[in-house]
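> quick one: sequence plus predicted model below, questions after.
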Amino acid sequence: MRFLADVTEYVKYLKLAVAVAVIRSRPVGMTGQRYAEQLCARYQQAQLGWKQEADRLKQQLNVILQQKPLLGRLVTTTTVLRPFFPRPPG
């Protein structure tokens with residue numbers, strides 16, 4: 001149980017440190033709240049960007065996996081019709 005209390009306390013300190021960093025790094029003429037909202041919006045946009053990229057890659061992988069059996073049959077058919085190392089005349 002002590003471990004859980006330590007983690008909870010650590011999270012509180014971490015949140016405080018982030019809040020202080022946001023307040024100190026805000027541009028002149030912008031409130032801390034407005035700056036935090038702007039940072040949040042940027043973060044959400046970045047999250048959306050990588051999720052869209054992950055979806056695109058999943059779709060690409062699905063297409064490749066669907067083509068794999070077709071490619072396997074093509075290679076097998078080609079190998080049966082035309083061996084890679086033909087037998088020498090003899």
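Received it, and whenever you're ready, just let me know what you need.
> all helices of the protein, in order?
All helices of the chain, identified by DSSP state H, fall at 2-25, 32-81.
> could you dump these into JSON lines with mean pLDDT and mean neighbour count added?
Backbone N, C-alpha and C define where each C-beta goes, glycine included. Shown next, in JSON lines, are those (pLDDT from 0 to 100; neighbours: other C-beta atoms under 10 Å):
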{"stretch": "helix 2-25", "mean pLDDT": "87", "mean neighbour count": "10"}
{"stretch": "helix 32-81", "mean pLDDT": "81", "mean neighbour count": "10"}
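> quick one, phi psi at M30?
Dihedral pair for M30: phi -120, psi 140, per degrees, to the nearest 10.
> could you give the number of residues near it?
Burial measure for M30: 12 neighbouring residues, criterion other C-beta atoms under 10 Å.
> what sits against it?
Q38 (C-beta atoms under 8 Å, 6 or more residues apart in numbering).
> roughly how far does it sit from K15?
Separation of M30 from K15 (C-beta to C-beta, to the nearest Å) stands at 21 Å.
> then Q33?
Distance of Q33 to K15, given as C-beta to C-beta: 16 Å.
> can you report phi and psi for T31?
The phi/psi pair for T31 (degrees, to the nearest 10) is phi -70, psi 160.
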